[in-house]
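below is the sequence, then the predicted model.
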Amino acid sequence: MSISSLPTESDRHGIDFSAVTSHFGGDQALLHDVIELFLADWPQRVAALHNALERGDSQDLRIVAHSLKGSLQVLGAQAAAAAAAALEQCGKEGTLNQARGLCDVLERELAAVVPLLTQLIRDDASALPPTKPC
């Protein structure tokens, strides 16, 4: 599947393709760049979450989770973004014991989303269909 052939409904892997298409307004090059940046960066962010948990640093947990949440929302990964949002809330509240389980949930969601995003980049060959004007 390429970026240009994104389905119009949510994929079973947790990507809301209609939101992605709408958010990027048909700018395939920008979407491609954002996906590449995310794919290069997500492992370090997950490692930073684990490091924050190990150190008991709720502030760092909140900051890293917030950053991941935004990236995942932009890419239409709603379930993964929800897990990151819950981690962010744990950081705000200082509930690090709960955050450990949520980190596992986030990693499961990423395990489904990352291969799909990787495939989109690999298979991308043509432009996104234009979005309809409001």
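That came in fine, so what should we check first? In this text, all values refer to a predicted model and were calculated from it rather than measured experimentally. Numbers count the residues shown, from 1 in each chain.

pLDDT score for Arg122?
Arg122 is assigned 85 on the pLDDT scale.

ok, which stretches of the chain are helices?
17-24, 28-55, 58-74, 78-93, 96-123 (DSSP state H).

got JSON lines for these, with mean neighbour count too?
Every residue, glycine included, has its C-beta placed from N, CA and C. Converted to JSON lines, the helices of the chain look like this (neighbours: other CB atoms under 10 Å):
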{"stretch": "helix 17-24", "mean neighbour count": "18"}
{"stretch": "helix 28-55", "mean neighbour count": "15"}
{"stretch": "helix 58-74", "mean neighbour count": "20"}
{"stretch": "helix 78-93", "mean neighbour count": "21"}
{"stretch": "helix 96-123", "mean neighbour count": "17"}
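
mean pLDDT for those helices: which is lowest?
helix 17-24 (a mean of 80).

could you export it as CSV, CA atoms only?
Taking Å, rounded to 0.1, in the frame of the first residue of the first chain, the C-alpha atoms of helix 17-24 are listed here in CSV:
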residue,chain,number,x,y,z
PHE,A,17,-6.2,7.1,7.1
SER,A,18,-8.9,9.6,6.4
ALA,A,19,-7.6,11.8,9.2
VAL,A,20,-4.0,11.5,7.8
THR,A,21,-5.1,12.4,4.3
SER,A,22,-7.2,15.4,5.6
HIS,A,23,-4.4,16.6,8.0
PHE,A,24,-1.8,16.7,5.2
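
find the centremost residue of the protein, please.
Leu72 (2.2 Å; CA atoms, centre = their mean).

need the contact list for the closest residue to that residue other than its chain neighbours.
Leaving out its chain neighbours, the residue that sits closest to Leu72 by CB to CB, 6 or more residues apart in numbering is Ala81, at 3.8 Å. Applying CB atoms under 8 Å, 6 or more residues apart in numbering to Ala81 gives the contacts 68-69, 72-73.

tell me how far Ala81 lies from Gly56.
To Gly56, Ala81 is 25 Å away according to CB to CB, to the nearest Å.

repeat that for Leu110.
23 Å.

same thing with Gly70?
From Gly70 to Gly56 the distance is 24 Å (CB to CB).

now do Gln119
When Gln119 is compared with Gly56 (using CB to CB), they lie 37 Å apart.
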